[in-house]
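Engineer: Return atomic coordinates for the entry below.
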Amino acid sequence: MKTLKTLFALVAIFSLTAFTPISNGGGGYDIGDIATDFELQNIDGKMVSLADFKEAKGFIVIFTCNTCPYAVAYEDRIEALNKKYADQGYPVVAIMPNNTQVKPKDDLKFMMKRAQEKGFTFPYLIDKGQKIYPQYGATKTPHVYVLEKTDKGNVVQYIGAIDDNYKDANKVKEKYVEDAVDALMIGKEIRTTKTRAIGCSIKV
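Structural biologist: Numbers count the residues shown, from 1 in each chain. Have a look, this model is predicted:
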């Protein structure tokens, strides 16, 4: 009888697990959450926060780095996002989240070098102490969070990948970030609010 009760209990647990929606992993932001501001060092040595962008309507926050092949593959597309949307009120704010003791070529001097080589026009901040990326729940480089500035704060409206083809920009069919920002700018509902970020794991 005791064995039968145990069996029923296991079946009940399995059923709950099988039909429970996938969560955010117990940490980080979900769609509709308010993202708290931060103050991080930029490659020019200045401290930068979202509050500095007085005229912004929102932000394209991207966790990225110098060394991940996925992040490198997306560099030109990240720059293109900033050139397209910064003047329309949605600037890119890039954050390097890796532990630089594990990945020395992701430290600030290499960030500066890479930004100069690529001609980045967006802030490229370093998450010293790795305190910000866990707040967001970022796990990959690149990992994107589109925020909309409201009276309540910076509301998370999209989480995930930049698009559906990291290998070849010319073969992209779904531009998730562009679609999200375009929808926000005209007050429409975002069709796809969450996708799986494809990239290297953040090094701790």
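Engineer: what number of residues lie near the closest residue to residue 108 other than its chain neighbours?
Structural biologist: Counting by Cβ to Cβ, 6 or more residues apart in numbering, residue 108 lies nearest to residue 126, which is 5.5 Å off, once chain neighbours are set aside. Every C-beta, even on glycine, is put in place using the N, C-alpha and C of the backbone. Residues within reach of residue 126, counting by other Cβ atoms under 10 Å, total 21.
Engineer: In contact with residue 126, which residues?
Structural biologist: Listed by Cβ atoms under 8 Å, 6 or more residues apart in numbering, the contact partners of residue 126 are 40-41, 95-96, 100, 107-108, 111.
Engineer: rerun that using 10 Å as the cut-off
Structural biologist: Under the criterion of Cβ atoms under 10 Å, 6 or more residues apart in numbering, the contact list for residue 126 reads 40-43, 65, 95-98, 100, 106-108, 111, 132.
Engineer: right, and residue 144 touches residue 78 too?
Structural biologist: Yes. Between residue 144 and residue 78 there is a contact at 9.1 Å, judged by Cβ atoms under 10 Å.
Engineer: Comparing the two, which shows the higher neighbour count?
Structural biologist: residue 144 (26 against 23).
Engineer: The more buried one falls within a helix, correct?
Structural biologist: No. If the criterion is DSSP: H, G, I helix; E, B strand; the rest coil, then residue 144 is strand and not within a helix.
Engineer: Would you mind measuring from the residue nearest to it when sequence neighbours are not counted to residue 101?
Structural biologist: Once flanking residues are discounted, residue 144 sits nearest to residue 62: 5.1 Å by Cβ to Cβ, 6+ apart. Using Cβ to Cβ, to the nearest Å, one gets 23 Å for the distance from residue 62 to residue 101.
Engineer: the strands in this protein, which residues?
Structural biologist: For the chain, the strands defined by DSSP state E occupy 34-35, 40-42, 47-48, 58-63, 92-96, 124-126, 140-141, 143-150, 153-160, 200-201.
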